[in-house]
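A.B. asks: give the three-dimensional model of this entry:
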Amino acid sequence: MAGLSSGAYTESALRARRILLIGGQQTGKSSGGNTILGKQVFPEEVTSDSGACRGEVFGWIVTVVDTPGLGWGEDGELDADQPQESADPWSLSSGVLLCSPGPHVILLVVSVSQPLTENRMKRLETHLEGLGRGVWRHTIVLFTGVDALDEGGCLESHIIEGGKPLQHLVEKCGNRYYGLDNTRPRERTQVQELMLKVEEVVEQNHGWFLEVDSNYGTRNNLMWNDAVEAERGVMESWHFQEMPMYIPPPRELRMILLGWKGVGKSLAGNTMLGFQGFDVGKQTEVSLRRQSQVSGRRVTVVDTPGWGWWSVKQTSMRVKQETQRAVELLHPGPHALLLVLPVVSSLTSRKRYVLENHMEKIFGTQWSQYTLVLFTCGDLLRGLGYSIEEHIQRGGKELVKLLETCGNEYHVLDSKSPEGHKQVPELLNKVEEIIAHNITEPYLYLEVNEESGGRTESPGCATCNLQ
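C.D. replies: Numbers count the residues shown, from 1 in each chain. As a prediction, the model looks like this:
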């Protein structure tokens with residue numbers, strides 16, 4: 001089968017988005033479509049034929065196409081008495097046709113209550129790759145049934161605990177995923193967040209939709225080709241008149257906040273994200289992941305429990321494990337480790353040793369090339385009239401040694417002032433400098449050795465997802 005090509009959206013449809021729902025049987029595709037559109041349009045029963053509906057969703061004109069569930073074949077474990085959804089490839093083909101001239105995004109629907117076995121994962125792969133090469137860059141994994149997760153559970157933990165097939169599927173989609181609670185259809189914030197992720201995919205594909213080649217869906221080639229040619233004709237006539245400026249896709253920056261207890265990691269994370277994503281004023285017990293769009297970047301930050309002050313032994317095994325889990329939450333790995341130090345904290349030789357020992361025990365010998373020292377309480381410096389460079393000199397030789405170990409990568413953040421958020425773009429620029437310095441290994445990748453229970457280090461991948 002011929003490969004995929006792509007088409008650009010037209011000027012008159014800059015805000016039009018076509019979304020194709022694909023998934024296994026009984027995964028909640030129809031309910032997801034209803035939640036996205038904010039109305040009951042798809043029957044929430046066994047889907048036997050593809051259907052489409054259009055509506056306005058947060059300023060986008062969205063066409064959602066629901067398709068019958070894909071059969072699991074010999075791996076199927078559904079009740080034999082349940083009505084079975086059609087696994088006929090033609091049913092999927094007709095759904096793709098309803099997205100003509102092509103879907104902007106495919107939502108690959110996976111229920112958290114259905115384990116994804118190796119056979120099921122391969123079945124999903126086969127159906128998706130039947131659309132042609134390049135389909136994965138247009139695909140987001142949409143988890144449904146997230147209300148069934150244990151209290152305090154998160155999708156990241158579910159993906160980790162879901163095993164290699166689920167992790168592999170998420171990786172194939174460029175680690176793009178979202179959880180939708182269809183039991184709360186009136187909670188529109190979740191739909192708004194999902195649409196922002198859809199828009200990220202469109203931007204990452206430079207505004208191009210997925211154009212399926214003429215060998216797909218042979219029963220409707222004529223209709224399909226007519227639709228593609230009609231949109232291409234409009235696009236080409238407009239292309240030479242008013243082609244929009246190229247908008248580069250957002251870079252993804254993945255960071256971990258680290259340090260002693262009470263140094264202001266959570267507050268610094270909120271300043272970076274631009275919203276109250278982490279609880280401030282109480283001790284952080286587990287690693288938490290939050291994400292936001294900041295200065296044209298997709299910023300993902302993980303807050304971690306604080307370490308002991310006087311020795312590595314003072315830090316419990318649970319805290320060490322949570323800190324290492326922070327790396328798993330940023331799969332395939334963090335671009336930067338932000339070592340948080342308040343400017344009011346003095347650094348003795350013992351404290352420096354403990355900090356460096358924590359970093360090496362948890363992250364390995366390469367920790368320093370990914371580490372930036374993040375000074376908090378920057379408002380105190382301003383009140384004293386000191387620059388950060390003067391503070392470093394006043395801090396003594398131990399602080400200077402720590403910064404030299406980290407390649408003199410540092411930044412100061414004022415988390416208590418409304419002006420603090422203006423210091424974040426410069427911090428993100430410095431993180432990108434760290435990525436540039438580590439060009440062959442742009443992120444820190446840690447692999448757990450299951451046999452020994454220990455950690456082995458592996459070089460970062462030069463083709464990591466830096467959208």
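A.B. asks: use CA for all of it now, contacts and neighbours both
C.D. replies: Noted.
A.B. asks: helices of this structure, start to end?
C.D. replies: 29-37, 89-97, 118-129, 155-161, 164-172, 188-204, 221-242, 265-273, 317-329, 349-363, 378-384, 388-394, 397-405, 424-437 (DSSP state H).
A.B. asks: tell me, which of those is the model least confident about?
C.D. replies: Lowest mean pLDDT within the helices of the chain: helix 221-242, at a mean of 43.
A.B. asks: list the buried residues for stretch 303-322?
C.D. replies: 303, 304, 305, 306, 307, 308, 309, 312, 315, 319, 320, 322 (16 or more other CA atoms under 10 Å).
A.B. asks: who's in contact with that stretch?
C.D. replies: For stretch 303-322, the surrounding residues in contact (CA atoms under 8 Å, 6 or more residues apart in numbering) are 256-262, 265-266, 269, 278, 283-289, 323, 326, 350-351, 354, 357-358, 362.
A.B. asks: and that stretch, end to end?
C.D. replies: With CA to CA, to the nearest Å applied, stretch 303-322 spans 10 Å between its terminal residues.
A.B. asks: adding distance to residue 55, write the helices of the chain out as TSV.
C.D. replies: Shown next, in TSV, are the helices of the chain (distance: least, CA to CA, whole Å):
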stretch	distance to residue 55
helix 29-37	6
helix 89-97	17
helix 118-129	26
helix 155-161	28
helix 164-172	28
helix 188-204	13
helix 221-242	20
helix 265-273	31
helix 317-329	35
helix 349-363	48
helix 378-384	47
helix 388-394	52
helix 397-405	54
helix 424-437	36
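A.B. asks: nearest to residue 104, out of those?
C.D. replies: When the helices of the chain are compared by CA to CA, helix 188-204 sits nearest residue 104, at 6.4 Å.
A.B. asks: from the middle of its chain, how far away would that closest one be?
C.D. replies: Taking CA atoms, centre = their mean, to the nearest Å, one finds the center of helix 188-204 at 11 Å from the center of the full chain.
A.B. asks: so which elements touch it?
C.D. replies: Using 3 or more CA pairs under 8 Å, 6 or more residues apart in numbering; DSSP states H and E as the contact definition, the elements that helix 188-204 packs against are strand 105-111, strand 177-180.
A.B. asks: and these: which comes nearest residue 205?
C.D. replies: Between residue 205 and these, the shortest separation by CA to CA is 10.1 Å, and it involves strand 105-111.
A.B. asks: next, the angle from the closest one to helix 164-172.
C.D. replies: Between the axis of strand 105-111 and that of helix 164-172 there is an angle of 160 degrees, by axes from the mean of the first three to the mean of the last three CA atoms, to 10 degrees.
A.B. asks: pairing partners for strand 105-111, with directions?
C.D. replies: Looking at strand 105-111 with DSSP bridges, its paired strands and their directions are strand 16-23 (parallel), strand 139-144 (parallel).
A.B. asks: hey, least reliable of the ones you listed by pLDDT?
C.D. replies: strand 16-23 (a mean of 91).
A.B. asks: residues contacting that strand, please?
C.D. replies: Residues outside strand 16-23 that contact it (CA under 8 Å, 6+ apart): 29, 33, 60-70, 95-96, 99, 102-110, 124.
A.B. asks: again, only this time at 6 Å
C.D. replies: Around strand 16-23, the neighbours that count as contacts under CA atoms under 6 Å, 6 or more residues apart in numbering are 60-66, 69, 103-109.
A.B. asks: quick one on the thing from earlier: could you dump the helices and strands packed on helix 188-204 to CSV with distance to residue 413, mean neighbour count and mean pLDDT?
C.D. replies: As requested, the helices and strands packed on helix 188-204 are exported to CSV (distance: least, CA to CA, whole Å; neighbours: other CA atoms under 10 Å; pLDDT from 0 to 100):
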stretch, distance to residue 413, mean neighbour count, mean pLDDT
strand 105-111, 38, 24, 94
strand 177-180, 30, 21, 91
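A.B. asks: which stretch among those comes nearest residue 390?
C.D. replies: Judged by CA to CA, the one of the helices and strands packed on helix 188-204 that comes nearest to residue 390 is strand 177-180, at 44.5 Å.
A.B. asks: check which helices and strands the closest one is in contact with.
C.D. replies: Contacts of strand 177-180 with other secondary structure elements, assessed using 3 or more CA pairs under 6 Å, 6 or more residues apart in numbering; DSSP states H and E, are made with strand 139-144.
A.B. asks: what are the neighbouring residues in contact with residue 182?
C.D. replies: With the criterion set at CA under 6 Å, 6+ apart, residue 182 makes contact with nothing.
A.B. asks: look up how far residue 370 lies from it.
C.D. replies: Here the criterion is CA to CA. By it, residue 182 lies 40 Å from residue 370.
A.B. asks: please pick the buried ones from the contacts of stretch 303-322.
C.D. replies: Burial of the contacts of stretch 303-322 was assessed by neighbour count (16+ other CA under 10 Å); the buried members are 256-260, 262, 265-266, 269, 278, 284, 286-289, 323, 326, 351, 354, 358.
A.B. asks: about what we covered before: need the helices and strands packed on helix 188-204 in a markdown table with distance to residue 193, can you?
C.D. replies: A markdown table is the format used below for the helices and strands packed on helix 188-204 (distance: least, CA to CA, whole Å):
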| stretch | distance to residue 193 |
| --- | --- |
| strand 105-111 | 14 |
| strand 177-180 | 9 |
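A.B. asks: quick one: closest of the helices of the chain to residue 178.
C.D. replies: Closest to residue 178 of the helices of the chain is helix 188-204 (CA to CA; 6.8 Å).
A.B. asks: next, the angle strand 105-111 makes with that closest one.
C.D. replies: 130 degrees.
A.B. asks: tell me the domain ranges of the chain?
C.D. replies: Listed by automatic domain parsing, the domain ranges of the chain are 5-242, 251-458.
A.B. asks: surely residue 372 meets residue 410?
C.D. replies: Yes. The criterion here is CA atoms under 6 Å, and residue 372 meets it with residue 410 at 5.1 Å.
A.B. asks: counting neighbours, go ahead and name the busier of those two.
C.D. replies: residue 372 (23 against 19; other CA atoms under 10 Å).
A.B. asks: give me the beta-bridge partners of that one?
C.D. replies: residue 338.
A.B. asks: where is pLDDT lowest across the buried residues of stretch 303-322?
C.D. replies: residue 309 (77).
A.B. asks: next one: it relative to residue 209, how far apart?
C.D. replies: Using CA to CA, residue 309 is found at 53 Å from residue 209.
A.B. asks: please apply the same query to residue 253.
C.D. replies: Here the criterion is CA to CA. By it, residue 253 lies 25 Å from residue 209.
A.B. asks: what do you get for residue 58?
C.D. replies: For residue 58 relative to residue 209 (CA to CA), the value is 20 Å.
A.B. asks: between the two, which has more neighbouring residues?
C.D. replies: residue 209 (23 against 13).
A.B. asks: just checking, that one touches residue 104?
C.D. replies: Yes. In terms of CA under 6 Å, residue 209 counts as a neighbour of residue 104; the distance is 4.3 Å.
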